[in-house]
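# coordinates for the following, if possible.
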Amino acid sequence: MNIVDSKRGFVENFTLFQLLIIPIGVAINYVGGNLAILLKLPLFLDVIGTCFASLVAGPWIGAFTGILTNSMIGITQPMAFMSIHVQIVIALTVAALAHFGMLNRVWKFALSCLILVIMTLCASLPTQIFLLGGVTGSMTDIVTAAVVRSGLPMWMGVAATQFVSNIFDKSSALVIAFMIARSMSPRFLSKLKNGYIYMAMSKKVTSHVKTSDPDETK
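Numbers count the residues shown, from 1 in each chain. Take a look at the predicted model:
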């Protein structure tokens, strides 16, 4: 691939339909994050939109969705700026998982959730431990404080709490984002970078239903 083809391929990530995914993803992130705060959940729920954008539109759109989300939240919650890089890592990870077909089997999807959790922890723990002193700004801080009071070192308490929390948080985000992607119409999916992945899944389900239809076998 020459330089011209590479530039053309990069530009194709930012078509009108691709760009439309960014505000949708930001809105989903914003609603999810505020819902978690309102319900005082020990979760974040602020990366569902990032996962969705990465699944259907690729890593660049997913990354911009995450960056814009945390930049907006950072206006009222400055700590959000400290985790912009985490949003980027999540976008790249989810896009890679979709690209390499890690979402088309139950066991692969479960493994993908674990990979996403590990990548998130690798990106977030250094900031949380060394820059924020273990504070995340969520309800998980209460659990972390209780774990540390039990005698564990601070870094171990943060790591343990965040691992358990992220298993539920990031797995839920990936599942919800995947369900949204699967529910989209083929007409719209065909305009998106990764839309073919979910169109192919729908075709497989449809063909399976037709072949298993008892009326078809009579």
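# alpha carbons only for contacts and neighbour counts from here, please
Noted.
# which neighbouring elements make contact with whichever helix in the chain runs longest?
The single longest helix within the chain, with elements called by DSSP state H, is helix 154-183. Under the contact criterion of 3 or more C-alpha pairs under 8 Å, 6 or more residues apart in numbering; DSSP states H and E, helix 154-183 touches helix 48-57, helix 106-126, helix 140-149, helix 195-212.
# tell me the angle the second one makes with helix 154-183.
So that's helix 106-126. Here helix 106-126 runs at an angle of 140 degrees relative to helix 154-183 (axes from the mean of the first three to the mean of the last three C-alpha atoms, to 10 degrees).
# give the residue spans of the chain that score low on pLDDT.
The chain contains residues with pLDDT under 70 at 1-9, 136-141, 204-218.
# okay, V164 and S171: tell me how far apart.
V164 sits 11 Å away from S171 when distances are taken as C-alpha to C-alpha, to the nearest Å.
# picking up where we left off before, buried stuff in the longest helix of the chain?
Residues of helix 154-183 classed as buried by neighbour count (16 or more other C-alpha atoms under 10 Å): 154-155, 157-163, 165-178, 181-182.
# right, and the helix or strand after that helix?
helix 186-189 (DSSP states H and E).
# list the buried residues for that following helix?
186, 189.
# make a markdown table from the helices and strands packed on helix 154-183 and add distance to N70 and mean neighbour count to it.
Formatted as a markdown table, the helices and strands packed on helix 154-183 follow (distance: least, C-alpha to C-alpha, whole Å; neighbours: other C-alpha atoms under 10 Å):
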| stretch | distance to N70 | mean neighbour count |
| --- | --- | --- |
| helix 48-57 | 11 | 32 |
| helix 106-126 | 14 | 18 |
| helix 140-149 | 19 | 17 |
| helix 195-212 | 26 | 14 |
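# returning to that earlier point: and the longest helix of the chain with helix 48-57, angle?
Computed by the same axes, to 10 degrees, the angle separating helix 154-183 from helix 48-57 equals 50 degrees.
# many thanks, we can stop here.
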